[in-house]
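> Below is the sequence, then the predicted model.
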Amino acid sequence: MREACCQPSGWHATSPEAPPLGVSVNLSVRQITQGDIAGMVARTLRDTGLDLHSLCLEITENVILDDSDAANQTLRALLALGVGWCSTISVRVIRRLRT
C-alpha cells in the first residue's frame, strides 16, 4: 500500500500540469479481518502525503457479507476515515455498516 500511495506524487512531479491522479489498492479478506488496517491506511496517507480522496480501497462484497465482527469493525473504521471504495459493495451493505 505504501508504494502505491507514493506513486501519484512521483507522477505529479514528472507532469505537474496534469490533474492529480489516484490509486486503487486491493485489500484481501485476511487484511480486513486481521490487524489494524485502518490505522495502517491512516499512517500511510499521513506519511506519503497522498490526499484521502485519491485513495480507493478495493474489496469484494463477500468480505462484508462474511459478517464477522473483525471485518465489520475494520470496515467501520475505514468508513470513519473517509476513504473511498472501488468495489462491488452495495448501498444496502454500506447502510448496514453505518448503523
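Good, I have the coordinates.

> Can you show me the strands along this structure?
Using DSSP state E, the strands of the chain run over 23-26, 55-58, 84-85.

> got TSV for the ones you listed, with distance to Val41 too?
The C-beta positions use only the backbone N, C-alpha and C, and glycine is treated the same way. Formatted as TSV, those follow (distance: least, Cβ to Cβ, whole Å):
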stretch	distance to Val41
strand 23-26	9
strand 55-58	7
strand 84-85	11
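
> Out of these, the one nearest Cys6 is which?
When those are compared by Cβ to Cβ, strand 23-26 sits nearest Cys6, at 9.2 Å.

> Within the sheet, what are the partner strands of the closest one, with directions?
strand 55-58 (parallel) (DSSP bridges).

> from the chain's centre, how far out does the strand it pairs with sit?
4 Å (Cα atoms, centre = their mean, to the nearest Å).

> how near is Leu75 to Gln31?
11 Å (Cβ to Cβ, to the nearest Å).

> So for these two, which sits in the more crowded spot?
Remark: of Leu75 and Gln31, Leu75 carries more neighbours, 24 against 17, as counted by other Cβ atoms under 10 Å.
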